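Undergrad: Sequence first, predicted model second:
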There are 2 protein chains.
Amino acid sequence: MLVFIGLGLQGEGISLRGLHEVQEADAVYAELYTSLVPGLDVKKIERQIGRPVKVVGREVIEQRPDEILDAAKSGKVAFLVPGDPMVATTHVDLRLRAAKAGIETKLVHAASIASAAAGLAGLQSYKFGRSATVPFPDNPSQTPYQVLAENRERGLHTLLLLDLRAEKNRAMTANEAIEIMLGLESKLQKKVFTPDTLAVVVARAGSADAIVRANKASNLRGFNFGPPPHVLIVPGKLHFMEAEALKVFAGAPADVVG
Amino acid sequence: MLVFIGLGLQGEGISLRGLHEVQEADAVYAELYTSLVPGLDVKKIERQIGRPVKVVGREVIEQRPDEILDAAKSGKVAFLVPGDPMVATTHVDLRLRAAKAGIETKLVHAASIASAAAGLAGLQSYKFGRSATVPFPDNPSQTPYQVLAENRERGLHTLLLLDLRAEKNRAMTANEAIEIMLGLESKLQKKVFTPDTLAVVVARAGSADAIVRANKASNLRGFNFGPPPHVLIVPGKLHFMEAEALKVFAGAPADVVG
């Protein structure tokens, strides 16, 4: 059996059920390249479960997962993944490979950035349109801008996830993302992300030192949000209570949220 | 201090950090009316933390939260909520009241149904448009149908949450929701939810006995999914891997997912 277990957003984000599943496993693997998990201490997990945790990289999961699948044929394998399992396509792929090899699979859920970031900002999750990822400039894409345009037209909020290259130890900051979005604005000119656009930066969601800041893009671009992970939210039409929350919990100036 | 702590989707969905926060609290409250949490055993939590948990109803949270706020002024209060905190508006309201009373607030995240249901069905979360709730027929609304129409136009998936009246011990089943959506279809005639529409039912997401079933609405309407909570997903345009996942993990007939 192969059990995908979410680590959530920070060091102690795994659920009690997740911990029990890990404790019962014959082998424990973890991947830490699809998202950053601040404060995650693999050694501590190893002490908690009294068993080694093998941290594997992208190439193992995507190119040669046979070691994991073979172990899952003969015993119970726990596979620890950042956030909530199956958010990354690569895990769906691994789960499909397992199923096709006749291996039973199970998911143990945990916090995901989409719900956490909305909650920290005080924005209602049912008012979010589709989300998108802002890629690094060497791999440019207009998708985040187009997704934002589509959502704004409907008054919906937009969550923008930021590119990560764990193997290169590079995670995009909200500041970089704001510059990239402003660059797309000057190119595409649809007035969907201007220096005056209200945006919300959520840094290290779920951690004790999380930062949530709402302001015009021009006022956020120079702010130091500390270490990644960061995400960017561009609110659509604000309900009264959402505007209140942005003022009280994200320091939004009254004239910006209206 | 007032700490909102997510219970996640089932009995052991709370995170390790959440458990530590509860253990450090001077008083512990819980509300269980915004969502169902199968397998949640408040007595077990009380044993784990060696302290009583006071379960409060809607009227306490919404009309007279002073007991909780007063306790949070003088000490640390843990407030346990289903799923991920702040998904329900009423918690944002309580957090705002606390902030205005000068009480520090904190969130401890947990699994939310949006991410979990998508993952269980093998659908990519970034391809979901906005979600909506299907209300009971005595309080009819066209919103879920309109949200679905809007998302389908864009090829996006739609998560439909189902109405709950915990105080009356009534939770809508996926079967009821399908009938309600088919009723809206015959009224509004936009061909967005017909008997031939591919839908996915996720029952008891996160629990050991979770069920995930994908098929035409006409083939799902009579199926017994067991006890609630249920949700309904209406997929938009399917990526190849999503179609595969619906076949392998949700039993979708090949001719239905193409």
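TA: Thanks, I have the structure now. Here the structure is a predicted model, which means the values were calculated and not measured.
Undergrad: How many residues are close by A:Asp196?
TA: 11 (other C-beta atoms under 10 Å in any protein chain shown). Bear in mind the C-beta positions are built from the backbone N, C-alpha and C, glycine included.
Undergrad: Distance of it relative to chain B?
TA: Going from A:Asp196 to chain B by C-beta to the nearest C-beta, to the nearest Å gives 25 Å.
Undergrad: That residue belongs to a strand?
TA: No. Secondary structure of A:Asp196 (DSSP: H, G, I helix; E, B strand; the rest coil): coil, not part of a strand.
Undergrad: how about the nearest residue to it, chain neighbours excluded?
TA: In space, and not counting its chain neighbours, A:Asp196 is closest to A:Lys216: 5.3 Å by C-beta to C-beta, 6 or more residues apart in numbering or on different chains.
Undergrad: From what I see, A:His230 and A:Thr173 are in contact.
TA: Yes. Assessed by C-beta atoms under 8 Å, A:His230 is found in contact with A:Thr173 at 5.5 Å.
Undergrad: before we move on, back to that, need the contact list for the residue nearest to A:Asp196.
TA: Taking C-beta atoms under 8 Å, 6 or more residues apart in numbering or on different chains, we find A:Lys216 in contact with A:Pro195, A:Asp196, A:Thr197, A:Leu198, A:Ala199, A:Val256.
Undergrad: Could you pull up phi and psi at it?
TA: Per-residue torsions, A:Lys216: phi -60, psi 150 (degrees, to the nearest 10).
Undergrad: Overlap of the contact sets of A:His230 and A:Thr173?
TA: In contact with both A:His230 and A:Thr173: A:Leu162, using C-beta under 8 Å, 6+ apart.
Undergrad: and the two? which has more neighbours close in?
TA: A:His230 (25 against 19).
Undergrad: So for that one, what's the pLDDT?
TA: On pLDDT, A:His230 comes in at 98.
Undergrad: Tell me what it is bridged to.
TA: Assessed by DSSP bridges, A:His230 has beta-bridge partners A:Ala203.
Undergrad: so what's A:Lys100 closest to, chain neighbours aside?
TA: B:Val248 (7.5 Å).
Undergrad: quick one: buried residues of the strand or helix carrying that neighbour?
TA: Remark: B:Val248 resides in helix B:240-250, with elements defined by DSSP states H and E. Buried residues in helix B:240-250, counted by 16 or more other C-beta atoms under 10 Å in any protein chain shown: B:Glu242, B:Ala243, B:Glu244, B:Ala245, B:Leu246, B:Lys247, B:Val248, B:Phe249, B:Ala250.
Undergrad: what's the closest non-adjacent residue to A:Gln85?
TA: Actually, residue A:85 is Pro. It isn't Gln. A:Phe4 (3.8 Å).
Undergrad: ok, residues contacting the strand or helix carrying the one you found?
TA: Element membership of A:Phe4, judged by DSSP H and E, is strand A:2-6. Outside strand A:2-6, the residues within contact range by C-beta under 8 Å, 6+ apart are A:13-15, A:18, A:21-22, A:25, A:68-69, A:72, A:76-86, A:91, A:94-95, A:98, A:103-112, B:111.
Undergrad: what does stretch A:61-71 give?
TA: A:2, A:26-27, A:29, A:31, A:56, A:60, A:77, A:79, A:90-91, A:93-94, A:97-98, A:101, A:103.
Undergrad: From B:Ala245, how far off is A:Ser131?
TA: Distance, A:Ser131 to B:Ala245, using C-beta to C-beta, to the nearest Å: 19 Å.
Undergrad: actually A:Val28, sorry about that
TA: For A:Val28, the distance to B:Ala245 equals 24 Å [C-beta to C-beta].
Undergrad: same deal with A:Pro137?
TA: In terms of C-beta to C-beta, A:Pro137 sits 32 Å off from B:Ala245.
Undergrad: before we move on, what about A:Ala71?
TA: 22 Å.
Undergrad: so which of the contacts of A:Lys216 comes closest to B:Lys44?
TA: A:Ala199 (42.5 Å; C-beta to C-beta).
Undergrad: Hmm, that closest one is touching A:Ile178, no?
TA: Yes. Here A:Ala199 reaches A:Ile178: they are 6.9 Å apart, a contact under C-beta under 8 Å.
Undergrad: Now list whatever residues contact both of these two.
TA: With C-beta under 8 Å, 6+ apart as the test, A:Ala199 and A:Ile178 both reach A:Ala217, A:Leu220, A:Leu232.
Undergrad: Counting neighbours, which of those comes out on top?
TA: Busiest of those [other C-beta under 10 Å] is A:Leu232, holding 29 neighbours.
Undergrad: Quick check: which element contains that residue?
TA: Going by DSSP H and E, A:Leu232 is part of strand A:230-234.
Undergrad: CA atoms only: put that strand into CSV for me.
TA: Taking C-alpha atoms only, strand A:230-234 is exported to CSV below (Å, rounded to 0.1, in the frame of the first residue of the first chain):
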residue,chain,number,x,y,z
HIS,A,230,5.1,33.8,-0.6
VAL,A,231,1.9,34.0,-2.5
LEU,A,232,0.1,36.9,-4.0
ILE,A,233,-3.7,37.4,-3.9
VAL,A,234,-5.5,40.0,-6.1
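Undergrad: Please enumerate the helices of chain A.
TA: A:16-24, A:42-49, A:58-62, A:66-74, A:89-100, A:113-121, A:143-153, A:174-188, A:217-220, A:240-250, A:254-257 (DSSP state H).
Undergrad: most packed of the ones you listed?
TA: Compared across these, helix A:113-121 shows the largest average neighbour count, a mean of 28 (mean count of other C-beta atoms under 10 Å in any protein chain shown).
Undergrad: Check which helices and strands that helix sits against.
TA: strand A:158-162, strand A:198-203, strand A:211-216, strand A:230-234, helix A:240-250, strand B:105-108, helix B:113-121 (3 or more C-beta pairs under 8 Å, 6 or more residues apart in numbering or on different chains; DSSP states H and E).
Undergrad: what about A:Val28, distance to chain B?
TA: A:Val28 is 16 Å from chain B, by C-beta to the nearest C-beta.
Undergrad: from memory that residue sits against A:Ala78, does it?
TA: Yes. Between A:Val28 and A:Ala78 there is a contact at 4.7 Å, judged by C-beta under 8 Å.
Undergrad: Now A:Thr133. Nearest residue, chain neighbours left out?
TA: Per C-beta to C-beta, 6+ apart, closest to A:Thr133 is A:Leu161, 4.5 Å.
Undergrad: Can you give me every residue that contacts the one you found?
TA: Taking C-beta under 8 Å, 6+ apart, one finds A:Ile113, A:Ser131, A:Ala132, A:Thr133, A:Val134, A:Val231, B:Tyr126 in contact with A:Leu161.
Undergrad: Give me the distance between it and A:Pro135.
TA: 10 Å.
Undergrad: What parts of the stretch 151-258 of chain A come near chain B?
TA: A:Arg154, A:Leu156, A:Leu161, A:Ala205, A:Gly206, A:Met241, A:Glu242, A:Glu244, A:Ala245, A:Val248, A:Phe249 (C-beta under 8 Å from any C-beta of the partner chain).
Undergrad: Now for the fifth one, how many residues are close by?
TA: A:Gly206 is surrounded by 31 other residues when neighbours are defined as other C-beta under 10 Å.
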